[in-house]
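K.L.:
kindly return the folded structure for what I paste below:
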Amino acid sequence: VDESGKVRYGDHVPPEQAKFGRKQINEKGFVTREVERAKTPEELRKEQELADKKERDELISRTREESDRKLLRSYQKVDVIDREIKARNESINSAIKLTQTRIEKLTAQVAQLENQAADLERRSGDLPLELYKKIDDHVGEIAKQKKVIEKKRVEKVEVIAKLNADRKRYLELVGQKKTN
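P.N.:
Next up, the predicted model:
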């Protein structure tokens, strides 16, 4: 059947009709082969989108399965995850505390250097460039250490969130195992 609705018979398909669907019949009138019409660009695009989505979904599923196997191999009990959460929390808190102590020492040193600079300025009116540089270096180091603390706080939130997510998933997986 062509685009105008006429039925055509022949032993070959004319080139201008190749884009349409057709049925091949044998001498007894039975359909032996059916060829679908050529797909439109929109249909081809949608088909490709569906194939891409299916591939992404399969990749996500495989990744999730591997992650689940790794999680079950890593932890024999939920208590192990709880201990790791506690240990990581304490470790990061210790690092933050150590850095805060360093900031306190640097701040005290800056105050001492500033007092020294004030004394020198009162006595001679001149301040050695080296003293200014020391103060600037200490102030810069304090700023760096404050950034370290902020990074540690962000790390703590991320690490604890991941471990809590692992804990939740572990409990889901263990629950599934028990029901299977």
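K.L.:
please make it C-alpha for all contacts and neighbour counts, starting now.
P.N.:
Will do.
K.L.:
avg pLDDT for stretch 12-19?
P.N.:
Here stretch 12-19 scores 69 as its mean pLDDT.
K.L.:
endpoints of that stretch, how far apart?
P.N.:
13 Å (CA to CA, to the nearest Å).
K.L.:
check stretch 68-85 too.
P.N.:
Span of stretch 68-85 from end to end, CA to CA: 18 Å.
K.L.:
and the contacts of that stretch?
P.N.:
Around stretch 68-85, the neighbours that count as contacts under CA atoms under 8 Å, 6 or more residues apart in numbering are 160, 163-164, 166-167, 169-171, 173.
K.L.:
tell me which of those residues fall in helices.
P.N.:
160, 163-164, 166-167, 169-171, 173 (DSSP state H).
K.L.:
can you flag the buried ones in those?
P.N.:
160, 163, 166-167, 170 (16 or more other CA atoms under 10 Å).
K.L.:
if we only consider those residues, which is nearest to residue 117?
P.N.:
Nearest to residue 117, judged by CA to CA, of these is residue 160 at 45.5 Å.
K.L.:
would you list every one of the strands in this protein?
P.N.:
22-25, 31-35 (DSSP state E).
K.L.:
among those strands, which is the most enclosed?
P.N.:
Ranked by mean neighbour count, the strands of the chain are led by strand 22-25 with a mean of 14 (mean count of other CA atoms under 10 Å).
K.L.:
make a markdown table out of the contacts of stretch 68-85 and add pLDDT and distance to residue 81.
P.N.:
Shown next, in a markdown table, are these (pLDDT from 0 to 100; distance: CA to CA, whole Å):
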| residue | pLDDT | distance to residue 81 |
| --- | --- | --- |
| 160 | 96 | 11 |
| 163 | 96 | 7 |
| 164 | 95 | 8 |
| 166 | 95 | 8 |
| 167 | 94 | 6 |
| 169 | 94 | 11 |
| 170 | 94 | 9 |
| 171 | 93 | 11 |
| 173 | 91 | 14 |
